[in-house]
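Q: Sequence and computational prediction follow.
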Amino acid sequence: MKTETRCSQVKPLSRILMLAVIVVLSACVDFVQVGNPRTEVTSRVVYQDDATATAAVLGIYSEMASSPVFTSVSLAMFTGLSSDEFVAYYDEFRGFEQNSLTPGVARLRSDFWLPAYKYIYYANAVIEGLRDNTAISPRVDSLLTGEAYFIRAFCNFHLTNLFGPLPLVNTTDFRINEFLPRVPQDEVYALIEQDLLIARAYLPSDFSAGKGERIRATTWAASALLARLYLYRQRWAEAEAEATRLLEASGGLFSLPPVAEAFLFSSPEAIWQLKPWPAGAFEATHFLIPEGAFYSDVSLRTDMLRIHGENDSRRQWRQYTVTPDGDTLVYPYKYTSPYEPMEYHIEFRLAEQYLIRAEARAQQENLEGALADVDAIRDRAGIEHLQDNGTAWTQPLVLDSILAERRRELFTEGHRWFDLLRTGQAKAVLEVLDGKDWQDTDALYPVPESEIKNNPNLEPQNDGY
């Protein structure tokens, strides 16, 4: 087992931020083209009109969409390995699969910590560039400010669920950022909520900014993340209210299409997508079998094959192959096209909101309402409604059924790891699986060792590492 394989040399966070400051102050930073036109992130001196300010924000989206790290396949793949979804075919992935990570594992830095803080830095640059800036029209200022706060909240949300306490980077001043300490998770969540409430108020309620495509944040994306945040924090009434806002107050913008259409770029289920360019979504690239090969980066664990019944139309979300040795391997097939952007990477979709509201309702003893929300998902899948199966429902039974439905519906989308942790089921589920070395301290990933060496204020390291 090689849990410390070095995939690339990545600079520590403070050096990345310092370098970014130099680049931003000196010129503009070109990012990967996502369709037309070219997008850029620029320094404050060019926040002089609507077009240049918009280019700065589009540059962040371009950067997020152009790499398989953090906002794309990495989060789903590595947390899926840490939970009970995937097995790996590369030694450098084994630490995730076996729950035996060490702080020196390169992917912790390259796929999570550094890209997230880079996007946070860029969001801070936009916030600072627009502050008290009278050159930008009020409509554009509101849109871009809301997007920046949303992106910062999005990154901090995933970082804190992966690593726990975090340094809160709220400025572009590297002299401040370089030696920031980690703060308790409650403080991180407070900032995330504050940012999302600002974003929800500032962002538009339609998709005109993305020319009809769902590739830029809206007030609905902010509500989607707020609903998830409140669920994780066990603030049930607020989770229900935010999910209901999406499900009932969005004016018909969202609906559940047939299973085969759920991940298409035109899916009416999508709340926020990232647009790949020029090929397809990275999930298709990393999860599907390359031409002429028999293995991909990962495949589904055997027990994952039993989560969908024979009549469940979600069975089409997996693909089978037979190796030369006669083994049958199964891969996720939600994203089907590695070569063309037939599907956009979905960060938030409507099915999750039904399941969030179901869980929040069940926790508040509204079992009938909870079952109705789960049945909306099951109806799309073509399987029997829970309300019709004759069970004498109790709150524990309903909550167990919701978690099982989340597994069937949201598998390989980056939810399962966090679901096991937040519901207290990680130990019971993971310690009995072959190849796992589960300890309770595995609930958080270790802070990358290079970051602690560069900034001792990030100590103490997470327990167990």
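A: Thanks, I have it.
Q: Just the strands from the stretch 51-200 of the chain, written as ranges.
A: According to DSSP state E, counting those that start in this stretch, the stretch 51-200 of the chain carries its strands in the segments 86-88.
Q: Which residues does stretch 280-287 contact?
A: 68, 72-73, 76-77, 263, 276, 279, 296-298, 331-345, 412 (Cβ atoms under 8 Å, 6 or more residues apart in numbering). Quick note: C-beta positions are derived from backbone N, CA and C, even for glycine.
Q: For the stretch 1-150 of the chain, which segments count as helices?
A: 13-26, 50-65, 73-82, 94-97, 106-107, 114-130, 138-163 (DSSP state H, counting those that start in this stretch).
Q: what do you get for the stretch 251-400 of the chain?
A: 282-287, 350-363, 367-381, 395-410.
Q: how many neighbours does Glu431 have?
A: When neighbours are defined as other Cβ atoms under 10 Å, Glu431 has 14 of them.
Q: I'd assumed Asp442 was in contact with it.
A: No. Counting by Cβ atoms under 8 Å, Glu431 stays clear of Asp442, with 10.0 Å between them.
Q: Quick one: the helices of the stretch 251-400 of the chain as CSV, columns for mean neighbour count too.
A: Formatted as CSV, the helices of the stretch 251-400 of the chain follow (neighbours: other Cβ atoms under 10 Å):
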stretch, mean neighbour count
helix 282-287, 24
helix 350-363, 26
helix 367-381, 20
helix 395-410, 18
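Q: Please name the residues that touch Tyr149.
A: By Cβ under 8 Å, 6+ apart, the neighbours of Tyr149 are Ala123, Ile127, Asp195, Leu196, Ile198, Ala199, Tyr202.
Q: Check whether the fifth one really touches Ser142, as I assumed.
A: No. The criterion here is Cβ under 8 Å, and Ile198 misses it with Ser142 at 10.3 Å.
Q: Counting neighbours, go ahead and name the busier of the two.
A: Ile198 (19 against 16).
Q: How confident was the prediction at the more buried one?
A: Looking at Ile198, its pLDDT reads 98.
Q: Adjust the sequence numbering to begin at 711 for everything that follows.
A: New numbering, starting at 711: the last item is Ile908.
Q: ok, now which ones touch it?
A: With Cβ under 8 Å, 6+ apart, Ile908 has these contacts: Thr855, Gly856, Tyr859.
Q: do that again at 10 Å, thanks
A: Listed by Cβ atoms under 10 Å, 6 or more residues apart in numbering, the contact partners of Ile908 are Ile837, Thr855, Gly856, Ala858, Tyr859, Phe860, Arg862, Ala863, Ala932.
Q: between the residues you listed, which is nearest Asp760?
A: Ranked by distance to Asp760 (Cβ to Cβ), those are led by Thr855 at 12.8 Å.
Q: Count the neighbours of the closest one for me.
A: 24.
Q: so where's the stretch 911-1060 of the chain shaky on pLDDT?
A: 1001-1002 (pLDDT under 70).
Q: Please enumerate the strands of it.
A: 980-984, 1008-1010, 1028-1032, 1038-1042, 1055-1059.
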